[in-house]
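Trainee: My questions concern the predicted model and sequence given below.
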Amino acid sequence: MAAARTPGNVCVVPDLDDELLVAIDRLEALFLSLAAWEAEAGVDMPPPFANGKALRALQDVASVVRPTQARGGAQLLSGRLPRCGWTDQVVPLRFVPIGHAPLATLDHAAEVLAVHRAHPALAAAVQRYSDVLGEEPVGVANCLSRTVGLLTLPWDDDIATLWDAVSSYPDKCEAELSRSEQQAYDRVVARVEALWSSVPPVLERSPGRTP
C-alpha cells in the first residue's frame with residue numbers, strides 16, 4: 001500500500017451498492033468474534049488483532065465508507081463520477097477522506113490473516129467463525145484482502161485526472177466527463193471490477209462458494 005495519498009489522504013471509493021457494505025459487515029463480525037475469543041479465552045492474538053486494534057481501524061474506515069454506498073448516501077466530497085447517461089450497471093466513484101493509519105492497520109491485518117495458520121489462537125478463532133458461516137477460512141481472508149485492496153487503489157494518473165475533474169467544480173454533485181476523463185474513468189472502473197471479482201484458485205474449485 002502506498003505510504004501517502006494525494007491530496008490529503010483522499011481515496012477513491014466505488015459505489016458497489018450493497019456489496020461493499022456486506023463485506024464490511026462480515027469483516028466487522030469476524031473482528032468482533034476475534035476480540036471476544038481473546039477476552040473470553042485469555043489467548044494472545046497477533047498484532048494487529050491484539051487488543052482490538054484491527055477492529056477499531058475497521059470501524060473508523062467503515063464510518064466514512066458506509067455513507068458513500070447505495071447511490072443515495074451523503075457526498076463526503078463532491079464527485080460521484082458516472083458515465084454520461086449512466087445506468088444502474090455503471091459504477092459511480094466517490095472521493096472519500098480516509099486516514100492512512102487505519103488503512104495501514106487493515107493492510108497489516110490482511111497480511112496476517114492470509115497466514116493465520118501460523119498463529120494458533122488466530123487460526124482457531126478464524127476456523128470457529130468460518131464454521132458458523134459454512135465456508136473455508138480462505139474465503140474470509142480473501143474478503144479482507146479484496147476490501148483493503150479496493151480502498152487503497154494507488155493514486156495514479158487516471159485517478160488524478162478524475163480528481164481534477166471533480167475539484168474543478170466543487171459545487172456540483174456529479175461531474176461531467178470529457179473524452180479523456182471518460183477514458184480514465186473506464187480504466188479505473190476496470191481495475192475496480194477486476195479486483196472485486198477476483199477469486200483465489202482454491203475457491204474457484206469449490207462450486208457454490210462465495211468469497
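Mentor: Sure thing, it's come through. Numbers count the residues shown, from 1 in each chain.
Trainee: where's the residue nearest to the spatial centre of the chain relative to Glu40, distance?
Mentor: Centroid check for the chain by Cα atoms, centre = their mean gives Thr147 as the closest residue, at 2.8 Å. Noted for Thr147: a distance of 26 Å to Glu40, by Cβ to Cβ, to the nearest Å. In short, each C-beta sits where N, CA and C put it, glycine included.
Trainee: How about Ala29?
Mentor: 16 Å.
Trainee: Who has more neighbours out of those two?
Mentor: Per other Cβ atoms under 10 Å, whichever of Ala29 and Glu40 has more neighbours is Ala29, with 13 against 8.
Trainee: how about the nearest residue to that one, chain neighbours excluded?
Mentor: Nearest residue to Ala29, sequence neighbours excluded (Cβ to Cβ, 6 or more residues apart in numbering): Tyr129, at 7.7 Å.
Trainee: what comes into contact with the helix or strand that contains the one you found?
Mentor: Secondary-structure element containing Tyr129, defined by DSSP states H and E: helix 120-133. Defining contact as Cβ atoms under 8 Å, 6 or more residues apart in numbering, one finds that helix 120-133 is touched by 29-30, 33-34, 37-38, 41, 43-46, 49, 112-113, 116-117, 136-137, 139-141.
Trainee: Give the buried subset of those as a ChimeraX selection command.
Mentor: Applied in ChimeraX, the following selects the buried portion of these according to 16 or more other Cβ atoms under 10 Å:
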select :30,33,34,37,38,43,45,46,49,112,113,116,136,137,139,140,141
